[in-house]
Each structure stands twice: as structure tokens, then as C-alpha cells.
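Engineer: this one's structure only:
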């Protein structure tokens, strides 16, 4: 399927007749900007030329990038996931910018305590619009670090929005994570651990963490996946020997997990 000519503005008119429809650049397409939760978020999209009808949609969300850099690594990874019948969309979280200078609306709260209800609503709303546009056979969410936390919240708060989630280096229990790091408790962020009782039993979850990750230690995601599995959710945990918190060390395991889900 070739990229459809429908612009973000036109899609928003279909989805919402309110004034928020004007917040994305008027001549932009959904391949470049995705609207959700009252915010317009920059995106990089791959695979539309070979998607066909009802493709698998993979949505990738980056971490906090606390060093202050641009959000680029998840887009580079998204490109590698494309095959016929797959569309991969790398979303830029609210308040962040990509390597080309395009910036998503909203706040990143200084890149801390940012898994807020507003951020979750924005990402969830963006996935809603992507679903409406591509009409995928299923949606796979891939999040790293803070992006994994947002995904863990979303599969609980919006149990029919996402079919499978790959949560990489996930701080899946925010309160516990902060205690382990000797940090004060956050006041804005939602936690996957508080939403796991609402995850739909059909949702496939793969949690992946580096065995040497000293930021989001493996037991956070291991315990989260075990609690999901105890409820009957098809969830599993994978530790990557020698890998730390950075995405490069867990990239191969993440790619293998996504490809396994896509191939089913």
C-alpha cells in the first residue's frame, strides 16, 4: 500500500471536529505528525510502501534520554523492523525533539517524572489515530525505559488498544524503582504495577532487561511479568547477559522478540 494522501488535518476532522484539529502543521501527513490527547507529536514512519491491506502496526516509544540529546535511536531501530505487511512508527514523546528538529507538543517535565496522565493520554490517542488510519490487523507496542513504563500503563488503562507489548528496560514499579535508587517519590507519573490488574488476558507481553542494568534492575520487570502471568496474561521476562540500561545492549533481543510476535 502506498502512503495514503489523507493529511493529519483531514484525519483530525474525521476524528474530532474541535479546535484541536488545527494543532498539527496543516499540510503534514500522519507519517510525519500524529495527533493524540490534545497534542501533536512528531513521528517517523517506515514501511508504508509495502504495507498492503491491514498491516501489522508497530509503535515505538523512546526513553527519557536524560543526557539531553535528541530522540533518534528508536527511529533507527524502527527501520530495521520493516518487512512486507508491517508499518513501523517511531513516536517522539511530548516535549522531545527528533534529530531533524521536529518537536512534539507538550512537556517532558525536565525529562523526569514524566509518565503523567497527560503523556499517557497523548501516546494512547496517537495510537488510536494510527489504528483508524492504517486499520491494522494488530498493534505491537515497543517501549524502552520510560517508553516501556508508558506502555505498561497503557495496556492496563486501555486494554483493547494494544495487542502485544515489548517492554525494554522497564521501571515497571515506579515506587519501588525510586526506592531502590534512593530517589524521592514522584508525584506525576503513573506506574505499570498499579495497572497490571486491568491488562486484558489476550495481551502478549515480553519484558526484556539487561542482566547488568543498574538503573532499571532486572527484578523490576521480572516481577511485573510474573504477576501478569499469574493472572493468565501471556507474559514472560528475558534477561540479556552482560547488557546494561542502554538500548544498544538489548537491541538484538528486542528485535528477536518483535519478529517472533510479527511472525505469529
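Structural biologist: That came in fine, so what should we check first? All of these numbers come straight from a predicted model, not from anything done at the bench. Residues are numbered from 1 along each chain as shown.
Engineer: Following element in sequence after the helix or strand residue 34 falls within, please.
Structural biologist: Assigned by DSSP states H and E, residue 34 belongs to strand 33-36. Using DSSP H and E, the helix or strand that follows strand 33-36 in sequence is strand 39-46.
Engineer: and residue 77, that's in a helix?
Structural biologist: Yes. According to DSSP: H, G, I helix; E, B strand; the rest coil, residue 77 belongs to a helix.
Engineer: could you measure it against residue 229, distance?
Structural biologist: Taken as CB to CB, to the nearest Å, the spacing of residue 77 relative to residue 229 amounts to 27 Å. In short, each C-beta sits where N, CA and C put it, glycine included.
Engineer: Show me the strands in this protein, by range?
Structural biologist: 33-36, 39-46, 56-61, 86-91, 138-144, 164-168, 204-210, 235-240 (DSSP state E).
Engineer: Redo these as JSON lines? Include mean pLDDT.
Structural biologist: Converted to JSON lines, the strands of the chain look like this (pLDDT from 0 to 100):
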{"stretch": "strand 33-36", "mean pLDDT": "96"}
{"stretch": "strand 39-46", "mean pLDDT": "97"}
{"stretch": "strand 56-61", "mean pLDDT": "98"}
{"stretch": "strand 86-91", "mean pLDDT": "98"}
{"stretch": "strand 138-144", "mean pLDDT": "98"}
{"stretch": "strand 164-168", "mean pLDDT": "98"}
{"stretch": "strand 204-210", "mean pLDDT": "98"}
{"stretch": "strand 235-240", "mean pLDDT": "98"}
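Engineer: Pipe the ones you listed into a markdown table and attach mean neighbour count per row.
Structural biologist: What follows is the strands of the chain, written out as a markdown table (neighbours: other CB atoms under 10 Å):
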| stretch | mean neighbour count |
| --- | --- |
| strand 33-36 | 25 |
| strand 39-46 | 24 |
| strand 56-61 | 27 |
| strand 86-91 | 26 |
| strand 138-144 | 25 |
| strand 164-168 | 28 |
| strand 204-210 | 26 |
| strand 235-240 | 20 |
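Engineer: looking at the ones you listed, which is closest to residue 110?
Structural biologist: strand 39-46 (17.4 Å; CB to CB).
Engineer: Which helix in the protein has the most residues?
Structural biologist: In the chain, assigned by DSSP state H, the helix with the most residues is helix 117-134.
Engineer: what's the offset of it from the middle of its chain?
Structural biologist: The chain centre lies 10 Å from the centre of helix 117-134; the measure is CA atoms, centre = their mean, to the nearest Å.
Engineer: Which other helices and strands does it contact?
Structural biologist: Judged by 3 or more CB pairs under 8 Å, 6 or more residues apart in numbering; DSSP states H and E, helix 117-134 is in contact with helix 8-15, strand 33-36, strand 39-46, strand 56-61, strand 86-91, strand 138-144, helix 146-157.
Engineer: Check what contacts the fourth one and list those residues.
Structural biologist: It stands for strand 56-61. The contact list for strand 56-61 (CB atoms under 8 Å, 6 or more residues apart in numbering) reads 74-75, 77-78, 81, 85-91, 93, 123, 126-127, 130-131, 134, 136-144, 147, 150-151, 258, 262.
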